[in-house]
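Colleague: Coordinates for the following, if possible.
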Amino acid sequence: MMKDPYVYSGTEVLKNLAGIKEENAFACMEAEYTSLRIADLSIDNTLSYSDFNDLCMTHYAIFQDVFQWAGRVRIINIEKAEISLGGLSIEYSDCFDIERDAAKIIDEMNSVKWEEKGLSDVCKLYSRYMADLWKVHPFREGNTRTVVIFCSHFIESKGWYLESELFKDNAAYMRTSLVAASAIFHDLGDKRKPEYLERIVFDALEQGAKMKDRIITELQKANLPCEAATIREVVKWNRIEHKEHTSEEIKKFFKD
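Modeller: A predicted model of the protein is given here:
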């Protein structure tokens, strides 16, 4: 097996900007730094989340304090034994095919008329594309967080909001469900079970739709236009302040 250039010699700890070589200390540092960056991304409108470059920039935004190679695709092929698959690994994209594979999936995502579809169809399509993109595994580490955040911002840009805290609060379930939804093998065939991922995605979309409806109701009470940009601005404001604002508060917000 090829030596892994991403880890410190004699360890399984990824080389990091802090120079930490002890596994638990590294895990604590990584979790602390990335949680802050993820919180920043939840209210940041800098990226359009529409292409492969934005996917890489999402990874960079999350891991810029941790890895020198943040935002860069992996240069080696990887395997990860999955307990849920009896020790088998998902067949991730070859490192030389990463950009091609990921860009193709994102192009397909962009071609869907999301605004014309109902909740059930959006759930199935969105879950499938998220799993397909995750299966590419573009980066040496941090793929689940990057793909989930990228896809969450993508679908919200299409007018479908999520209760994304569900993904954060059930991170282990999310990863296991992505594994189950990606289990297709060249020799064993299609062993995918997408229903686990679809279940949590449906709940997140359903709660997001109810949140959007509540915002529209408050905008109507405030005699403000229920345009996509206005709704998005209120969603962002609500998330910053961790509360849903009333019509009077919204009216004052836009007046000021």
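Colleague: Following element in sequence after the longest helix belonging to the chain, please.
Modeller: Determined from DSSP state H, the single longest helix within the chain is helix 195-221. Once the chain leaves helix 195-221, the next helix or strand it forms, by DSSP states H and E, is helix 228-241.
Colleague: after that next one, next one along is what?
Modeller: Sequence order places helix 247-255 as the next helix or strand after helix 228-241, per DSSP H and E.
Colleague: Return the distance of the longest helix of the chain from the chain's centre.
Modeller: 17 Å (CA atoms, centre = their mean, to the nearest Å).
Colleague: For that helix, enumerate the helices and strands it packs against.
Modeller: Contacts defined by 3 or more CB pairs under 8 Å, 6 or more residues apart in numbering; DSSP states H and E place helix 195-221 against helix 119-136, helix 165-169, helix 171-181, helix 228-241, helix 247-255. All C-beta atoms are positioned from the backbone trio N, CA, C, and that covers glycine.
Colleague: just the ones you listed: most buried one?
Modeller: Among those, helix 119-136 has the highest mean neighbour count (mean count of other CB atoms under 10 Å), at a mean of 21.
Colleague: quick one: pLDDT of the spatially most central residue of the chain?
Modeller: Centroid-nearest residue in the chain: residue 148, 1.5 Å away (criterion: CA atoms, centre = their mean). Note for residue 148: predicted pLDDT of 98.
Colleague: Grab the nearest non-local neighbour of it.
Modeller: For residue 148, ignoring the flanking residues on the chain, the nearest one in space by CB to CB, 6 or more residues apart in numbering is residue 167 at 5.4 Å.
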